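Visitor: fold the following for me, if possible:
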Amino acid sequence: MNGELIWVLSLLAVAIVLFATGRVRMDAVALFVIVAFALSGTLTVPEVFSGFSDPNVVLIAALFIIGDGLVRTGVATVMGTWLVKVAGNSEIKMLVLLMLTVAG
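Guide: Okay, the predicted model is just below:
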């Protein structure tokens, strides 16, 4: 393995640990990774910012915002409580109800 590959894998491992522990906000970790790649020369500045023009990146960012809004307003808790109450102990019912709720 060359040095650049070790650097990328190490940075990826650090990012995964930070994402998993939740001690640092996700957006801060993502910005840290982007800045680290740019400052180390692994990616050029245009390569770093080229991802922001991708519609999929914008969609994922919007989903994070919507999800956080649902959690903060309590809608996610209400929906989760309803799903558990209706499904009971049946995993199959829970799966079907969850799929119908998300697809609907």
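
Visitor: for N89, grab phi and psi.
Guide: In this entry, N89 is assigned phi and psi values of phi -100, psi 0 (degrees, to the nearest 10).

Visitor: and for it, the neighbour number?
Guide: 7 (other C-beta atoms under 10 Å). (C-beta placed from N, C-alpha, C; glycine too.)

Visitor: cool, the one 5 residues further on as well?
Guide: Here the neighbour count serves as a burial measure; for M94 (other C-beta under 10 Å) it reads 15.

Visitor: which strands and helices sit next to the helix or strand bottoming out on mean pLDDT in the chain?
Guide: Lowest mean confidence among the helices and strands of the chain (mean pLDDT, DSSP states H and E): helix 45-50, at a mean of 88. With contacts taken as 3 or more C-beta pairs under 8 Å, 6 or more residues apart in numbering; DSSP states H and E, helix 45-50 sits against helix 26-40.

Visitor: what sits up against the helix it packs on?
Guide: W7, L11, A15, L18, F19, V24, L43, T44, V45, V48, F64 (C-beta atoms under 8 Å, 6 or more residues apart in numbering).

Visitor: hmm, try it at 10 Å
Guide: 4, 7-8, 10-12, 14-19, 22-25, 42-45, 47-49, 51-52, 61, 64 (C-beta atoms under 10 Å, 6 or more residues apart in numbering).
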